[in-house]
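Participant: Following is a predicted model, sequence given first.
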Amino acid sequence: MSDLEKLIKSRKAKIVLLGLGYVGLPVACLFAKAGFSVIGVNRGREKVDLVNNSISPIKGDEPGLDTLLKKVIKAKKLSATTDYSVCKEADVVLIAVETPVDPGTLTPKYDALKSALKSLGPNLQKGSLVIVESTIAPGTMKNLVVPILEEESGLKLNRDFYLGHCPERVMPGKLLKNLKNYHRVVGGFTPQTAQVMKEFYKTFVTGDLDLTDVTTAEVVKTTENYYRDTEIAFANQLALLCESVGVNVYEARRLVNKVEDRNVHLPGAGVGGHCLPKDSLLNVSPLRTKNNSDAFLAVKMADLTREVNDFMPIHVINLLLDALKEAGKKLQTSKVVLLGYSYLADSDDTRNSPSQIFIDKFNRRSKNIIIHDPYVAEHSEKSLEEALTDADAAVFMVAHKQYKNLNLDKLKNLMRTRVLIDGRNIFDKGKARAAGFIYKGVGNI
């Protein structure tokens, strides 16, 4: 691998990145900025054309991404294509494709990963380094990635090509910042592979690059998101408790967190995104085939975490029903405005959005709902004022800046009935009620 290491250090290594989504595009831009020649491969022609025309397909608030994309395209350091044959010239191939979970079996759905590997295999050149950045279940590198690549390429791991796993750690709205500053776990099939990967990533990563094996890297990434998902589930459970006993969850949380090493997370209207709703399930997926009590309890904990967080948008509907009843209104004849369709504030990312769970449940009882989101094209045709005019209830699912800046007096003048359901603690309950609203917030009713 010494030749590859020399190419990396001199910035002469040719890079191909499979997948140009929320991870792939900013990663490609950062390696291009570092001086490498990068080609992004994406199956969809629309995204390829946008990138080649210096237009980011990511429409949320992503500081610096639009500018960086224009810069590296202009410098001819980055281009995009749908043709996998460009992998034949690659020294390093990175894979950043989606890895969802089947909602029925709760097991990994690796359709995109398998497709990328099978397309890469026949085009993989000897001496190449392949790095999987996608988040995957423990054991996936050994049991899925290696067999497919060896079969499709006719090459042998650690003799003809090299393989590692360096899972991304990013959040929409902070993509470039996270990629540059966060610590990374660098897992190689051999220590030498991990060391070369470290040389590669330190061309733009300022955080620690911790060397380990591929399976440990898989466990670390899925565990950190499982941990966060569980912390949020605990916060949501606390919110439900506080509602039942008449306590403001945010005040209780503040007082708990005054104690050193306490960090109760924020509750809310649900957990979305590509990572948290499935990484806890990826983490325990190897245990689902085990038939013993230890495995059962470990899996049960992950499933319960998911059950609590998936329940929260349904709980928001329950708060809405209670508030409408208090206002003397029926759901079927009320105009309900749902505010926020993405899963995260000031982002266009709608993957596993809690709002979709809300809408699916709501539509079983009424179709009289208006959806507004300034970052999601299909729900931004109406202005916020137009959406809220003559509304009977405003349900805030996402804390977009536009919503946080909304004046309560303006809101009440737009609405027909003053019902305010606050899923993200955007408004002060006392001020909202003083303004004449029937206010119900998650953990604060």
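Facilitator: Noted; the coordinates are in hand.
Participant: quick one, what contacts the residue of the chain most remote from its centre?
Facilitator: In terms of distance from the mean C-alpha position of the chain, Gly328 ranks first, at 39.1 Å (CA atoms, centre = their mean). Shown in contact with Gly328 (CB atoms under 8 Å, 6 or more residues apart in numbering): no residues. C-beta: built from backbone N, CA, C; applies to glycine.
Participant: And it, how close does it get to Asp392?
Facilitator: Distance check for Gly328 against Asp392: by CB to CB, to the nearest Å, it reads 10 Å.
Participant: what do you get for Ala75?
Facilitator: In this view, Ala75 and Asp392 are 54 Å apart by CB to CB.
Participant: do the same with Ser54
Facilitator: Plainly put, Ser54 is 45 Å away from Asp392 if you go by CB to CB.
Participant: Between these two, point out the one with more neighbours.
Facilitator: Using other CB atoms under 10 Å, the more surrounded residue of Ser54 and Asp392 is Asp392, with 21 against 15.
Participant: Pretty sure Lys329 is one of the things the more buried one touches, is it not?
Facilitator: Yes - contact criterion CB atoms under 8 Å: Asp392 and Lys329 qualify, at 5.6 Å.
Participant: so what sits against both of the two?
Facilitator: Thr417, Val419.
Participant: Apart from its chain neighbours, what residue comes closest to Asp210?
Facilitator: In this structure, Asp210 finds its nearest non-sequential neighbour in Val185, 5.4 Å apart by CB to CB, 6 or more residues apart in numbering.
Participant: Given the helix or strand hosting the one you found, what are its sheet partners and their directions?
Facilitator: Element membership for Val185 (DSSP states H and E) is strand 184-188. Under the criterion DSSP bridges, strand 184-188 sits next to strand 162-165 (antiparallel), strand 209-213 (parallel) in its sheet.
Participant: Could you tell me which residues within the longest helix along the chain count as buried?
Facilitator: Secondary structure of the chain per DSSP state H: the longest helix is helix 293-326. Judged by neighbour count using 16 or more other CB atoms under 10 Å, the buried positions of helix 293-326 are 299, 302, 305-306, 308-317, 319-320, 323-324.
Participant: Please name the nearest non-neighbouring residue to His372.
Facilitator: His372 sits nearest to Ala387 (CB to CB, 6+ apart), 4.1 Å away.
Participant: Which other helices and strands does whichever strand or helix holds the one you found contact?
Facilitator: Applying DSSP H and E as the criterion places Ala387 in helix 384-388. Judged by 3 or more CB pairs under 8 Å, 6 or more residues apart in numbering; DSSP states H and E, helix 384-388 is in contact with strand 336-339, strand 369-372, helix 408-414.
Participant: Which secondary structure element comes immediately after the last one toward the C-terminus?
Facilitator: What that stands for is helix 408-414. Next helix or strand after helix 408-414 toward the C-terminus (DSSP H and E): strand 419-422.
Participant: Just give me how far that following strand sits from the chain centre.
Facilitator: Centroid separation for strand 419-422 versus its chain: 26 Å, with CA atoms, centre = their mean, to the nearest Å.
Participant: on contacts alone, who are the packing partners of that strand?
Facilitator: helix 293-326, strand 393-396, helix 429-434, strand 438-441.
Participant: Tell me the strands beside that strand, with direction?
Facilitator: strand 393-396 (parallel), strand 438-441 (parallel).
Participant: per-residue confidence averaged over the last one?
Facilitator: To tie it back to what came earlier, the one meant is strand 438-441. The average pLDDT within strand 438-441 is 98.
Participant: Strands along the stretch 51-200 of the chain, start to end?
Facilitator: 78-81, 92-95, 129-132, 162-165, 184-188 (DSSP state E, counting those that start in this stretch).
Participant: Low-confidence regions, the stretch 1-150 of the chain specifically.
Facilitator: By pLDDT under 70, the stretch 1-150 of the chain has no low-scoring segment.
Participant: please redo it, this time with the cut-off set to 90
Facilitator: Residues of the stretch 1-150 of the chain that meet the criterion pLDDT under 90 lie in 1-2, 59-61.
Participant: what about the helices in it?
Facilitator: 2-9, 24-33, 45-52, 65-74, 111-120, 140, 146-153 (DSSP state H, counting those that start in this stretch).
Participant: how about the CA coordinates for the last one, as PDB?
Facilitator: What that stands for is helix 146-153. What follows is helix 146-153 as a C-alpha-only set of coordinates in PDB (Å, rounded to 0.1, in the frame of the first residue of the first chain):
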ATOM      1  CA  VAL A 146     -16.300  -8.600   1.100                       C
ATOM      2  CA  PRO A 147     -18.100 -11.500  -0.500                       C
ATOM      3  CA  ILE A 148     -19.900  -9.300  -3.100                       C
ATOM      4  CA  LEU A 149     -16.700  -7.300  -4.000                       C
ATOM      5  CA  GLU A 150     -14.600 -10.500  -4.300                       C
ATOM      6  CA  GLU A 151     -17.200 -12.300  -6.400                       C
ATOM      7  CA  GLU A 152     -18.000  -9.400  -8.700                       C
ATOM      8  CA  SER A 153     -14.400  -8.300  -9.200                       C
END
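Participant: now for that helix, which elements pack on it?
Facilitator: Contacting helix 146-153 under the criterion 3+ CB pairs under 8 Å, 6+ apart are the following elements: helix 111-120.
Participant: Between helix 146-153 and the helix it packs on, find me the angle.
Facilitator: 40 degrees (axes from the mean of the first three to the mean of the last three CA atoms, to 10 degrees).
Participant: tell me how far helix 111-120 is from the chain's mean position?
Facilitator: Counting by CA atoms, centre = their mean, helix 111-120 comes out at 21 Å from the chain centroid.
Participant: Show me which residues of it are buried.
Facilitator: Across helix 111-120, burial judged by 16+ other CB under 10 Å covers Ala112, Leu113, Ala116, Leu117, Ser119, Leu120.
Participant: Could I get the average pLDDT for stretch 344-361?
Facilitator: For stretch 344-361, the per-residue pLDDT averages 95.
Participant: chain center to it, what's the gap?
Facilitator: Relative to its parent chain, stretch 344-361 has a centroid offset of 11 Å by CA atoms, centre = their mean.
Participant: Repeat that for stretch 111-128.
Facilitator: Distance of stretch 111-128 from the chain centroid (CA atoms, centre = their mean) equals 24 Å.
Participant: can you list the residues that contact it?
Facilitator: Residues contacting stretch 111-128 (CB under 8 Å, 6+ apart): 3-4, 18-19, 43, 84-93, 95, 97-99, 130, 132, 134, 136, 144-145, 148-149, 151-153, 155, 160-162.
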